[in-house]
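S.K.: Using only what follows, build the 3D model:
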Amino acid sequence: MSEEAVEAKVALFQNAEAALATLRARERGSNSARAFWVPGRVEFLGKHTDYAGGRSLLCAIERGICIVALPRSDRRLRIADARIGEVVEGTVDPYVRATDGHWSTYPFTVARRIARDFGEAESLVGADIAFASDLPAASGMSSSSALVVATFLALADVNGLASRDLYQRVFPRTDVLAGYLGAVENGYAFEAFAGDTGVGTFGGSEDHTAILCARPDALIQYSFCPVRFERQVPLPKDHELVLASCGVVAEKIGGAREAYNRLSRSTQELAARWRETTGRGDATLGDALASSPDGAARLLAMASDCDAELRERLEQFVHESAELIPGSGDALLRGDLSALGDLVDRSQAGAERLLKNQIEETIRLVRDARNMGATAASAFGAGFGGAVWALVPSAEALPFKAQWSERYKERFPSAAAKASFFVTRAGPAATRI
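M.R.: Numbering: from 1, shown residues only. I've put the predicted structure just below:
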């Protein structure tokens, strides 16, 4: 991690500590505060693949959330956002709720699910929690999932969940925990744990996997439903990522949430058609794809009877998961950066033409990055706003960032006022500080 990133993390920790101090007066024993670093993430490739059982190439970044927590003797839960100075209050119980569309939806969803899944056999306590973040909100860098992970780590720690037999039995590995936290967020059942309402979006667990399982200076390749590690792919040592949050928020509420959920539901419909057509029991499109050597061809042939929207959705999924991600990892491993750029361009084209989740701002950012000489560039995340990554030689990263930002400001002055551009390496996973 760069010296600048370390200094930024220290500042976040200090801000979170200050917010916690104002939330609860310092008492004897208050130095038992727990602190965690939880990074944001980049979806290098894997556009809308994880919830359908596909694969993704992921990494953490050097920005994220610092969260500090003090246990309470009751079930009260108080959470302070140090960035905006807002405090929310609730309880760790099976019925706690938050206002739809408010940031408190994420921590309270975690508190509710912990109470339902771990609160019957042994008592749970609440906490006073404060967090500070330097992630652009609703930018596609997983600020919301990072808050889900951070809240879980804090509440699990103050309650000693990791020492319980149930926890150890259900979560034998960190990537299994990532799958569970994806289910917490989307509201789905997980093994013996019943489902809940979640946060209202039908996403997957790639964000939580990247946050919990990332490896410095490398991409991790996972497949999903369930979460399965496939390989680690080093990034070029002489390259860095330049990230651009376009300033158009990718809020998962209202119409944007419905557009996101429609992409998710379409994969469920396609999987149901596959089961009906083949008589197989494959739960996801990823299972169908892996069902035979010609699974991809059979899936695409099945889609010939579907409407255009479903055909396009399936085409994008098959190419992204079965061709572009493995091909990109292979290109990185053999040092063929030209081939990498071409494969990533095809992924971006699929998002624009087939997913239709791109906006003018993200499309232009990708085009400009490639025209300026980026090795590869792509939009990432849910879409309908959000962010773009560009892989750039380290010696050129800072001037590239400045020029990229200036071009964007000239084209989209309104969005640029809320945009942010920064350089990062692939960072480590979440950890206790």
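
S.K.: Kindly provide the distance from the spatially most central residue of the chain to V199.
M.R.: In the chain, the centroid-proximal residue (CA atoms, centre = their mean) is D207; its distance is 2.5 Å. Relative to V199, D207 is positioned 12 Å away (CB to CB, to the nearest Å). Quick note: C-beta positions are derived from backbone N, CA and C, even for glycine.

S.K.: Check A150 too.
M.R.: In terms of CB to CB, A150 sits 15 Å off from V199.

S.K.: swap in A18?
M.R.: Counting by CB to CB, the gap from A18 to V199 is 28 Å.

S.K.: who's more crowded, the two?
M.R.: V199 (24 against 15; other CB atoms under 10 Å).

S.K.: Look at the more buried one and give its secondary structure.
M.R.: Three-state assignment for V199 (DSSP: H, G, I helix; E, B strand; the rest coil): coil.

S.K.: Run through who's touching the host helix or strand of W389.
M.R.: Assessed by DSSP states H and E, W389 sits inside strand 387-393. For strand 387-393, contacts defined as CB atoms under 8 Å, 6 or more residues apart in numbering pick out 42, 44, 136, 139-141, 235-236, 238-246, 340, 362, 365-366, 369, 373-381, 400, 404.

S.K.: Sketch out the strands for the stretch 301-433 of the chain, chain order is fine.
M.R.: 376-380, 387-393, 420-424, 431-432 (DSSP state E, counting those that start in this stretch).

S.K.: who does the longest one pair up with?
M.R.: Right, strand 387-393. strand 239-245 (antiparallel), strand 376-380 (antiparallel) (DSSP bridges).

S.K.: which of those strands sits most buried?
M.R.: A comparison of the strands paired with strand 387-393 by mean neighbour count, using mean count of other CB atoms under 10 Å, puts strand 376-380 on top with a mean of 27.

S.K.: Now that strand - C-alpha only, CSV.
M.R.: Only the C-alpha atoms of strand 376-380 are listed here, as CSV (Å, rounded to 0.1, in the frame of the first residue of the first chain):
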residue,chain,number,x,y,z
ALA,A,376,-7.3,-1.4,-20.8
ALA,A,377,-10.4,0.4,-19.5
SER,A,378,-13.9,-0.5,-18.5
ALA,A,379,-17.0,0.6,-16.6
PHE,A,380,-17.8,-1.6,-13.7
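
S.K.: what about stretch 196-214, how long is it end to end?
M.R.: 27 Å (CA to CA, to the nearest Å).

S.K.: quick check, distance from the strand holding W389 to the centre of its chain.
M.R.: Mean-position distance between strand 387-393 and its chain equals 17 Å (CA atoms, centre = their mean, to the nearest Å).

S.K.: tell me the mean pLDDT over stretch 44-59?
M.R.: Stretch 44-59 carries an average pLDDT of 97.

S.K.: typed the wrong thing, it's stretch 210-221
M.R.: 98.

S.K.: Run through the stretch 101-250 of the chain and note the low-pLDDT ranges.
M.R.: 120-122, 250 (pLDDT under 70).

S.K.: Which residue ranges of it form helices?
M.R.: Listed in chain order, the helices of the stretch 101-250 of the chain (DSSP state H, counting those that start in this stretch) span 105-118, 143-158, 165-170, 174-186, 206-213.

S.K.: what would the strands paired with strand 387-393 look like in CSV with distance to A115?
M.R.: Formatted as CSV, these follow (distance: least, CB to CB, whole Å):
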stretch, distance to A115
strand 239-245, 34
strand 376-380, 33
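
S.K.: how close does the closest residue to T109 other than its chain neighbours sit to G64?
M.R.: Nearest residue to T109 in three dimensions, chain neighbours excluded: V199, at 5.3 Å (CB to CB, 6 or more residues apart in numbering). V199 sits 19 Å away from G64, taking CB to CB as the criterion.

S.K.: R75 now?
M.R.: 28 Å.

S.K.: between those two, who's got more neighbours?
M.R.: G64 (30 against 18).

S.K.: quick check: angle from the helix or strand that contains that one to helix 143-158?
M.R.: Assessed by DSSP H and E, G64 sits inside strand 55-71. On the basis of axes from the mean of the first three to the mean of the last three CA atoms, to 10 degrees, strand 55-71 is oriented at 50 degrees to helix 143-158.

S.K.: Isn't L212 up against T431?
M.R.: No: look at L212 against T431 with CB atoms under 8 Å: they stay out of range, at 9.8 Å.

S.K.: Just want to know which of those two has more residues nearby.
M.R.: When neighbours are counted by other CB under 10 Å, L212 and T431 differ, and L212 comes out ahead with 26 against 12.

S.K.: Not counting its neighbours along the chain, what's nearest the more buried one?
M.R.: A178 (4.7 Å).

S.K.: Which residues in the longest helix that the chain contains does the neighbour count mark as buried?
M.R.: Using DSSP state H to define each element, the chain has its longest helix at helix 254-278. Of the residues in helix 254-278, 256-257, 259-261, 263-264, 266-267, 270-271, 273-274 count as buried by neighbour count, 16 or more other CB atoms under 10 Å.

S.K.: How far off centre is it?
M.R.: A distance of 20 Å separates the centroid of the chain from that of helix 254-278, by CA atoms, centre = their mean.

S.K.: give me every residue that touches D50.
M.R.: So D50 contacts 56, 182, 203-206, 224-225 (CB under 8 Å, 6+ apart).
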